[in-house]
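# sharing a model prediction with you, sequence too.
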Amino acid sequence: MTPARASFDGAVLALEKLGFQGVELDLGSAFVASPGLDPVEVGSSLKSNADDYAEALLKGRMFRAEPFATLFLQIFHGTPQFRRDPSGTNALAVNGKGEVYPGPGFLDCGEFCAGRLAVSPDGDALLRRFEDVGALTTAPCLRCWAAGLCGGGSAAVHAARTGDFRSPDPAWCAAWRGWIEGAIAAFSRISGAGANFTRVFDTVSR
């Protein structure tokens, strides 16, 4: 689901009620399509959905909702992830004209065109610019407590909001820290209830 507006409280539970066993909130595409979305309001809705998902799991309703399930498991294992964005390295996107881009969020942005299908690649230098994208090479991330959970955010979102895929918008970062903090609190409720989240995650994955 790609939210069309900044407020989408209740989205995860609404989709669960419709019978979906796998839900993914695609916030990257939302911000690329509408760079002016209020990150604070988006972050508030993410926190609300994280709370809803935690409560559903506590009640034994097993389904997978992202980005929450993966983040909960990461918190459970204490494993940092300093790059979440696969653009240019583990993901490419091709438009209807056969033009190749670093990822879906960059489609039809001419400056990021890396070549065309059926033509010898001429965009290797452009794609190499994405090889070290992530929290460990993004200056604001180096001072951020959430770097290992956020992973440096989305290059396409950064490009849409600041014009530079390596420079995150401070307002976006603040909002993301806020919802991640809320997700940690939601996970704490699950953990405090004695739930084995590895088992929960495995059940949901199946």
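Looks like it came in fine.
# every contact and neighbour count from this point should use C-alpha atoms.
Noted.
# would you map the helices across the protein?
Ranges of helices in the chain, per DSSP state H, are 11-17, 27-33, 39-58, 68-77, 124-128, 147-150, 155-162, 170-192, 197-205.
# closest to L92 out of these?
helix 124-128 (9.5 Å; C-alpha to C-alpha).
# list the contacts of that closest one.
88-89, 102, 112, 114 (C-alpha atoms under 8 Å, 6 or more residues apart in numbering).
# same thing but at 10 Å, please
Identification of contacts with helix 124-128 by C-alpha atoms under 10 Å, 6 or more residues apart in numbering yields 87-89, 92, 101-102, 111-115.
# filter these down to the buried ones.
Neighbour counting with 16 or more other C-alpha atoms under 10 Å marks 87-89, 92, 101-102, 112-115 as buried within those.
# can I get those in a markdown table including pLDDT and distance to F20?
Below are those laid out as a markdown table (pLDDT from 0 to 100; distance: C-alpha to C-alpha, whole Å):
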| residue | pLDDT | distance to F20 |
| --- | --- | --- |
| S87 | 93 | 27 |
| G88 | 91 | 31 |
| T89 | 89 | 30 |
| L92 | 92 | 27 |
| Y101 | 93 | 31 |
| P102 | 94 | 30 |
| F112 | 93 | 35 |
| C113 | 91 | 35 |
| A114 | 89 | 36 |
| G115 | 88 | 37 |
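# hmm, back to that, closest one of the contacts of helix 124-128 to I180?
Using C-alpha to C-alpha, the contacts of helix 124-128 come closest to I180 at S87, 22.1 Å.
# ok, the closest one to L57 distance?
From S87 across to L57, the span is 32 Å (C-alpha to C-alpha, to the nearest Å).
# got it, and R128?
Using C-alpha to C-alpha, R128 is found at 41 Å from L57.
# the more surrounded of these two?
Taking other C-alpha atoms under 10 Å, R128 and L57 do not tie; L57 has more neighbours (17 against 12).
# looking at the helices of the chain, which has the lowest confidence?
When the helices of the chain are compared on average pLDDT, helix 197-205 comes out lowest at a mean of 64.
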